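Participant: Dropping a prediction and its sequence here:
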Amino acid sequence: MALQCNIDAKGSRIRGIGGTILMALAVILVLLAWFTGWNWLWWPVAGCSLGGAIQLFEAANSWCVIRAMGYKTKI
C-alpha cells in the first residue's frame, strides 16, 4: 500500500526534529540504564525508541498516522 502524502514540509520538519530528539533521549537512557543498573529504565528506552522511529518514518514519507485515521492536527 502506497502512503499518500498528508502533511506539508513544516509538519514533516517538526516530526523529524521530534523523532531525532526522542532517539537521542533513548540513547541517553540506554547509557544511564547500562551504567547504573536501573533495569526499570528499559521501558522508557523502548517507548522513546518506538516513538522516535515512528516520527522519523512519518517525516521521511510526509505522512501522518493520526491524519490517516481521519483526525485533524494543527501542524
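Facilitator: Great, that's in hand.
Participant: Give me the contacts around the helix or strand hosting Ser49.
Facilitator: In the assignment (DSSP states H and E), Ser49 maps to helix 42-61. By Cβ atoms under 8 Å, 6 or more residues apart in numbering, the surrounding residues in contact with helix 42-61 are 3, 5, 7, 12-13, 15-16, 18-23, 25-26, 29-30, 33, 64-65. C-beta coordinates here come from the backbone N, C-alpha and C atoms, glycine included.
Participant: could you redo the last one with a cut-off of 10 Å?
Facilitator: 2-7, 11-34, 63-68 (Cβ atoms under 10 Å, 6 or more residues apart in numbering).
Participant: Show the subsequent helix or strand relative to that helix.
Facilitator: In N-to-C order, the element after helix 42-61 by DSSP H and E is helix 65-68.
Participant: so how far is that following helix off the chain centroid?
Facilitator: With Cα atoms, centre = their mean, to the nearest Å as the basis, helix 65-68 stands 14 Å off its chain's centre.
Participant: Output it as PDB, restricted to C-alpha atoms.
Facilitator: Extracted C-alpha coordinates of helix 65-68, given in PDB (Å, rounded to 0.1, in the frame of the first residue of the first chain):
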ATOM      1  CA  VAL A  65      -0.700   8.200  11.000                       C
ATOM      2  CA  ILE A  66      -3.100  10.300  13.100                       C
ATOM      3  CA  ARG A  67      -4.200  12.200  10.000                       C
ATOM      4  CA  ALA A  68      -4.500   9.000   8.100                       C
END
